[in-house]
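Need the 3D shape of this:
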Amino acid sequence: MIECVQGDIAHQPDMEAVVNAANAQLRPGGGVAGALHRAAGPELDRACRPLAPICPGEAVITAAFGLPNRHVIHCLGPVYGVDEPADELLADCYLHALALAEREGLRSVAFPALSAGAFGYPLEEAARVALETVSATLPRCPHLERVRFVLFDAETAALFQRLLDEQPAG
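You can find the predicted model right below:
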């Protein structure tokens, strides 16, 4: 099941993992990365350091520390207009994150809109890539029962929901 909600990615206590829109060095920053690092505490930064750097499209997993989740999956989305092919690299983020969740036997994972903020990816294109990739990949992830897209504002949540509703039935 895929769901789209407005909310704070750092406050998803019913999800086993949350996905961080990470930077290459996996360091605290602004946006999603800053919110998750602040909520998780300094242990998250220490756990990330030996895993960095990562390249666009890659994902790594750590414990969640002070977050109400078991894990944080860190994905480096493409910078739009810089990292190419952007659509493939963005899809790879979701593929690799889902593969890590499945490897860990997780039943639920929450994603932000990867690359759609400071990385400049046009929101509707980013949403299409995200939803199409997750929808196509979930059948190969038998442990995963629920994927949630946690979007920052009501307009973004509505866009994701509209695009999800438009997808052909499975």
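
biggest helix in the chain, by residue count?
Counting by DSSP state H, the longest helix found in the chain is helix 86-103.

Which helix or strand lies directly C-terminal to that helix?
strand 108-111 (DSSP states H and E).

Which strands and helices lie in contact with that next one?
strand 17-21, helix 86-103, strand 146-151 (3 or more Cβ pairs under 8 Å, 6 or more residues apart in numbering; DSSP states H and E). Every residue, glycine included, has its C-beta placed from N, CA and C.

Neighbouring strands of it in the sheet, and parallel or not?
Strand 108-111 sits in its sheet next to strand 17-21 (parallel), strand 146-151 (parallel), going by DSSP bridges.

closest one to L100 among those strands?
The closest of these to L100 is strand 17-21. By Cβ to Cβ, the value is 8.2 Å.

Mind checking the pLDDT average for the closest one?
For strand 17-21, the mean per-residue pLDDT is 97.

again, but for stretch 157-168
On average, stretch 157-168 scores 94.

Quick check: F149 touching F111?
Yes. In this structure F149 lies within contact range of F111 using Cβ atoms under 8 Å: 5.4 Å.

quick one: which of these two has more around it?
F111 (29 against 26; other Cβ atoms under 10 Å).

Please determine how far the more buried one is located from T156.
Separation of F111 from T156 (Cβ to Cβ, to the nearest Å): 12 Å.

ditto for E84
Distance, E84 to T156, by Cβ to Cβ: 24 Å.

the more surrounded of the two?
Per other Cβ under 10 Å, whichever of E84 and T156 has more neighbours is T156, with 22 against 12.

The nearest residue to E102 once chain neighbours are set aside: neighbour count?
Excluding its sequence neighbours, the residue lying closest to E102 (Cβ to Cβ, 6 or more residues apart in numbering) is C141, at 4.3 Å. By other Cβ under 10 Å, the residues close to C141 number 17.

okay, C141: pLDDT?
Model confidence at C141 (pLDDT) stands at 97.

what sits against it?
By Cβ atoms under 8 Å, 6 or more residues apart in numbering, the contact list for C141 reads 98-99, 101-102.

hmm, which of those are the buried ones?
98, 101-102 (16 or more other Cβ atoms under 10 Å).

of all the residues you listed, which comes closest to D165?
L98 (21.2 Å).

Per-residue pLDDT of the closest one, please?
pLDDT, L98: 98.

How far does the helix or strand of the chain with the lowest mean pLDDT sit from its chain's centre?
One helix or strand of the chain scores below all others by mean pLDDT, DSSP states H and E: helix 31-40, with a mean of 94. Once both centres are worked out by Cα atoms, centre = their mean, to the nearest Å, helix 31-40 turns out to sit 13 Å from its chain's centre.
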